[in-house]
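Asks: this is a predicted model, with the sequence first.
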Amino acid sequence: MIATFTPCKLAGVIDAPPSKSMAHRYLIGAALSGKVCTLSGVDYSEDILASMDCLKALGAKISIQGDRVTVDPSGFMQVDAPVLECRESGSTLRFFIPLALCLGKTVILRGSQRLMERPLKVYEDLCADNGFFFHKTAETVTLCGRLESGDYAIRGDVSSQFITGMIFALVYLGQVATIRILPPFESRSYVNLTISALNAFGADVRFTDDYTVSVASSTMHSYTGRIEGDYSNAAFLDAFNLIGSEVHVENLNVDSLQGDRVYRDYFRQLSQGTPTLDISDCPDLGPVLFALAALNHGAVFTGTDRLKVKESDRGQAMYEELEKLGGGLLFGDNTITVPKQNLQYGGIPLNGHNDHRVVMAMSIVLSVIGGSIDQAEAVRKSYPGFFSDIQSLGAKVELS
């Protein structure tokens, strides 16, 4: 799909889409609760559909009515030789590997080649240390083991998703356990989201110090609630305000634990000068921050190495697309500098790199200068309604 923009300004009021991060966690928490649970406000992005498919493959029953999802976990984890379809969702793959290791049976997890290129060594090492079978190909991971409760040490500098995945597994096992996080500990806020979600179902999970997560035996209960708005995707709507639009984004919890809520402070700094911003705890904001820095006063970003192992190498992807417009990025040691740029569309369509956040970031740029971006369908991964939402605010964009 190609999205073609004519320069435009946006105006109006819009709700932020539901949080993908929270939806993953609440859907899995519902399955772990052992009780029928209903969640509303679910947005059926490709990543969320992947997690729902994996829950069904593990025996949970899921029914959908509008934006309401009911999870019946009566058959959860009572399956033989399941195949889990993770599509392109890194969260899904990393969240479900430890649960698969609780079965004591052979489990296959499938996904795209790019997904399987993303780091899994934390789990490879876990399997090697415990004598479990672990085999990865270009499109699959095959596992067999029986994980037990205990004391585990996990690196905190690769992805917090490994820590979350282990928390889910240890809650399922239902015995006293601990996870010691080896510093540096990046994206702590995502682990806080996991703990908050599980606590809503009655799980006894908590930090006992800055680097130790305790999981205690607990009686979980049913939960009915609504998924809160997503700061990660709200940033792409709010970004239009830094380039002359008047968009009011609602449906955001001011007390949210989402780490990407920092975008508001970072946007303020970008509008006022040329700041140095650390994105090690909010790598999903990288593309939109780079786009806004290029359109405003420039900026220096630190903690950028993790951008290499996302849906694309996001630093390189943004460099290539901005270069087509007469700009670019400067790379350093775990840093990326974005100079202020005079961007102009040269007639060559941009490439979305099959990355939803690159597509949305470059859409913001093209709303200023006009032009087209290919692979625009990548937004379905996290925000399938992105283009219809910005069209409702006055964006002049045609899809073909």
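Replies: Right, received. Where do you want to start? What you see is a predicted model; the values in this text were computed from it and never measured. Numbering: from 1, shown residues only.
Asks: where does the chain dip in pLDDT?
Replies: Filtered on pLDDT under 70, the chain yields no residues whatsoever.
Asks: domain parsing of it, as residue ranges.
Replies: Using automatic domain parsing, the domains assigned to the chain come out as 3-17+231-399, 20-215.
Asks: in CSV, list these along with mean neighbour count and distance to His221.
Replies: C-betas here are computed from N, CA, C, even on glycine. Shown next, in CSV, are the domains of the chain (neighbours: other C-beta atoms under 10 Å; distance: least, C-beta to C-beta, whole Å):
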stretch, mean neighbour count, distance to His221
domain 3-17+231-399, 20, 21
domain 20-215, 19, 5
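Asks: in TSV: those, plus distance to Thr224.
Replies: As requested, the domains of the chain are arranged in TSV below (distance: least, C-beta to C-beta, whole Å):
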stretch	distance to Thr224
domain 3-17+231-399	17
domain 20-215	5
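Asks: go through those and name the closest to Gly225.
Replies: domain 20-215 (6.5 Å; C-beta to C-beta).
Asks: start and end of that closest one, how far apart?
Replies: 24 Å (C-alpha to C-alpha, to the nearest Å).
Asks: and Ser89, how far from Leu126?
Replies: 20 Å (C-beta to C-beta, to the nearest Å).
Asks: got it, and Arg314?
Replies: Arg314 is 27 Å from Leu126, by C-beta to C-beta.
Asks: with Phe201 instead?
Replies: For Phe201, the distance to Leu126 - C-beta to C-beta - is 25 Å.
Asks: same thing with Ala203?
Replies: Relative to Leu126, and taking C-beta to C-beta, Ala203 is found at 21 Å.
Asks: repeat for Val176
Replies: Val176 sits at a distance of 19 Å from Leu126 (criterion: C-beta to C-beta).
Asks: kindly report the same for Arg94.
Replies: Arg94 is 12 Å from Leu126, by C-beta to C-beta.
Asks: likewise Ala3?
Replies: 41 Å.
Asks: helices of the protein, start to end?
Replies: 20-33, 46-57, 90-100, 113-117, 121-130, 160-173, 188-200, 231-238, 263-272, 286-295, 314-324, 356-369, 386-392 (DSSP state H).
Asks: right, so of these, which gets closest to Thr219?
Replies: The closest of those to Thr219 is helix 20-33. By C-beta to C-beta, the value is 9.8 Å.
Asks: so how far is that closest one off the chain centroid?
Replies: A distance of 14 Å separates the centroid of the chain from that of helix 20-33, by C-alpha atoms, centre = their mean, to the nearest Å.
Asks: that one to helix 90-100, inter-axis angle?
Replies: Angle between the axes of helix 20-33 and helix 90-100 is 20 degrees (criterion: axes from the mean of the first three to the mean of the last three C-alpha atoms, to 10 degrees).
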